[in-house]
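*Asks:* below are the sequence and a predicted model; questions follow.
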There are 2 protein chains.
Amino acid sequence: MTTRTTPTKPPGLRERKKQQTRQRIREEAYRLFAERGYEATTVDEIAAAADISPSTFFRYFPSKEDVVTQDEYDPALAEALRARPAGEPTVDAIRAALVGPLGELLDGDREQLLLRTRITFTDPEIRARSVAEQERSEAVLAEVIAERSGRDARDLEVKCAAAAIIAVFTTLMRHWVEGDGKEDLLALYDRHLQLLSRGFDF
Amino acid sequence: MTTRTTPTKPPGLRERKKQQTRQRIREEAYRLFAERGYEATTVDEIAAAADISPSTFFRYFPSKEDVVTQDEYDPALAEALRARPAGEPTVDAIRAALVGPLGELLDGDREQLLLRTRITFTDPEIRARSVAEQERSEAVLAEVIAERSGRDARDLEVKCAAAAIIAVFTTLMRHWVEGDGKEDLLALYDRHLQLLSRGFDF
DNA sequence: TCGATATTGACAGTCACCTCTCATTTGGGA
DNA sequence: TCCCAAATGAGAGGTGACTGTCAATATCGA
């Protein structure tokens, strides 16, 4: 589906400039959000920082919150997961996806990801607005679990499992960000996802 | 802390009217939200429907979103949980809290709760804005789990467990709402929370 | 090089959340 | 009954997200 990688032609100057502008808007926006918070940052300020007119901002992002909530990681996760052998437990498959192609992707713009994730957890406004995204992740994961286990994606148990996994993962991400990304995300994953596959005794 | 139940005096006419107004604002707001969505409903419309001036609306709710996000259930849940014996597994304790005093509370304004919860899940705007609330629930639950298990509330495993429980519960609530509240929430709970205490095999 | 097209900036304007002030009404207590 | 404090309504005003138009500019294809 994602034939984003050079479909037919090499992108011309026009297209490259658009990508640059888009990226610059994002960077400046995140910088300002981190400095003074989401609400306190106006579109005009973002536009000024990115050296574009406010009109142009809205040509790139239909609304202010789209700067934050547009995500590109989900499809990569789903793809990596589907590449895993069918018998493998989902928890293990996710682990494999984390070290595999998804891992490279995360390493690539690790700094941006760290900054962005930090804002997501720090600023309650943004946190609230990123839920829709998280719920999409949940749905995607439920799909994959359903495929792999031969069940229906609308099965309540499947949904619950997906929700629990995402919830634990979110918790780990928050912890990871709070520790400035110094801890090994994979080690955290290994240690705590077992809670779900083995059951916890609280 | 919540000495709300007749602390010293019987509430006078003034206080009763305030409660009525507050309740009327809520009801009309929910009705309008359900009709046309959260964003599409203006404060002026809510005020008009509730027969008050827009100024008065903001005297009762500091912002529009507070009509939705102000929650009164969490403290009740925490209290009910703390009343359970210490040895009892948390999952069982929550179940007990659901049938106990919290259950009555839920039965009391069940209709309002159903309507309100439905909006919460239906309208993405409101859904996003209610996350902060959900995270508070998570923190509260983590506290209780920590108390009961003799661990630290900042223990990552405790946080993960709380997050997973809340996530599953949220999933069940959504399912319950989608089924118009006809299914037995308790039965759903019994059937699916076992996933967490016994571990699932996906 | 040149014309067509896409992108942009300037700018005016709308809409709704929210604040503040001040006069008026209403309930509580003596 | 009368006074005080709380609650309310009316209305003016600020702010920031977002829309639409139009002319200027930059890029592309031939």
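*Replies:* Cool, got the structure.
*Asks:* helix/strand/coil for residue A:68?
*Replies:* helix (DSSP: H, G, I helix; E, B strand; the rest coil).
*Asks:* so for it, what's the nearest residue that isn't a sequence neighbour?
*Replies:* residue A:126 (5.2 Å; C-beta to C-beta, 6 or more residues apart in numbering or on different chains). Bear in mind the C-beta positions are built from the backbone N, C-alpha and C, glycine included.
*Asks:* so what's the residue count around that neighbour?
*Replies:* By other C-beta atoms under 10 Å in any protein chain shown, 22 other residues sit near residue A:126.
*Asks:* distance check, it against residue A:65.
*Replies:* From residue A:126 over to residue A:65 the distance is 8 Å, taken as C-beta to C-beta, to the nearest Å.
*Asks:* can you give me the strands for chain A?
*Replies:* Assigned by DSSP state E, chain A shows no strands.
*Asks:* show me where it has helices.
*Replies:* Assigned helices in chain A, in chain order: A:13-36, A:43-49, A:54-60, A:66-69, A:73-82, A:90-99, A:101-108, A:110-122, A:124-129, A:131-149, A:156-178, A:185-198 (criterion: DSSP state H).
*Asks:* now those as JSON lines including distance to DNA strand D and mean pLDDT?
*Replies:* Formatted as JSON lines, those follow (distance: least, C-beta to the nearest atom of the strand, whole Å; pLDDT from 0 to 100):
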{"stretch": "helix A:13-36", "distance to DNA strand D": "3", "mean pLDDT": "90"}
{"stretch": "helix A:43-49", "distance to DNA strand D": "4", "mean pLDDT": "97"}
{"stretch": "helix A:54-60", "distance to DNA strand D": "4", "mean pLDDT": "97"}
{"stretch": "helix A:66-69", "distance to DNA strand D": "8", "mean pLDDT": "85"}
{"stretch": "helix A:73-82", "distance to DNA strand D": "23", "mean pLDDT": "77"}
{"stretch": "helix A:90-99", "distance to DNA strand D": "34", "mean pLDDT": "84"}
{"stretch": "helix A:101-108", "distance to DNA strand D": "25", "mean pLDDT": "67"}
{"stretch": "helix A:110-122", "distance to DNA strand D": "15", "mean pLDDT": "77"}
{"stretch": "helix A:124-129", "distance to DNA strand D": "11", "mean pLDDT": "75"}
{"stretch": "helix A:131-149", "distance to DNA strand D": "14", "mean pLDDT": "86"}
{"stretch": "helix A:156-178", "distance to DNA strand D": "25", "mean pLDDT": "93"}
{"stretch": "helix A:185-198", "distance to DNA strand D": "33", "mean pLDDT": "87"}
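*Asks:* DNA strand C: which of the ones you listed is closest?
*Replies:* Closest to DNA strand C of these, according to C-beta to the nearest atom of the strand: helix A:54-60, at 3.1 Å.
*Asks:* that closest one vs DNA strand C: in contact?
*Replies:* Yes - in terms of C-beta under 7 Å from any atom of the strand, part of helix A:54-60 sits within range of DNA strand C, namely A:54, A:55, A:56, A:59, A:60.
*Asks:* before we move on, the earlier item: ok, the residue nearest to residue A:68 - contacts?
*Replies:* With contacts defined as C-beta atoms under 8 Å, 6 or more residues apart in numbering or on different chains, the neighbours of residue A:126 are A:33, A:38, A:65, A:68, A:119, A:120.
*Asks:* and chain A, which residues reach DNA strand C?
*Replies:* With the criterion set to C-beta under 7 Å from any atom of the strand, chain A comes near DNA strand C through A:14, A:17, A:18, A:21, A:51, A:52, A:53, A:54, A:55, A:56, A:59, A:60.
*Asks:* drop anything exposed from these.
*Replies:* Neighbour counting over the residues of chain A next to DNA strand C (16 or more other C-beta atoms under 10 Å in any protein chain shown) leaves A:21, A:52, A:60 as the buried ones.
*Asks:* these two touch, right, the second one and residue A:21?
*Replies:* Yes - the pair residue A:52 and residue A:21 passes the contact test of C-beta atoms under 8 Å, sitting 6.6 Å apart.
*Asks:* of all of chain A, which residue lies closest to DNA strand D?
*Replies:* Residue of chain A nearest DNA strand D, by C-beta to the nearest atom of the strand: residue A:12 (2.7 Å).
*Asks:* mind checking how far that residue is from chain B?
*Replies:* Distance check for residue A:12 against chain B: by C-beta to the nearest C-beta, to the nearest Å, it reads 36 Å.
*Asks:* and for that residue, the neighbour number?
*Replies:* By other C-beta under 10 Å, the residues close to residue A:12 number 9.
*Asks:* returning to what we had before: now, among the buried ones among the residues of chain A next to DNA strand C, which is nearest to residue B:170?
*Replies:* residue A:60 (33.4 Å; C-beta to C-beta).
*Asks:* in contact with that closest one, which residues?
*Replies:* By C-beta under 8 Å, 6+ apart, the contact set of residue A:60 is A:21, A:22, A:25.
*Asks:* same check on residue A:26?
*Replies:* Contact analysis of residue A:26 by C-beta under 8 Å, 6+ apart lists residue A:67.
*Asks:* if I look at it, how far off is residue A:58?
*Replies:* Taking C-beta to C-beta, one finds residue A:26 at 15 Å from residue A:58.
*Asks:* re the thing from before, adding distance to residue A:144, write the buried ones among the residues of chain A next to DNA strand C out as a markdown table.
*Replies:* Compiled in a markdown table, these are given as follows (distance: C-beta to C-beta, whole Å):
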| residue | distance to residue A:144 |
| --- | --- |
| A:21 | 34 |
| A:52 | 39 |
| A:60 | 31 |
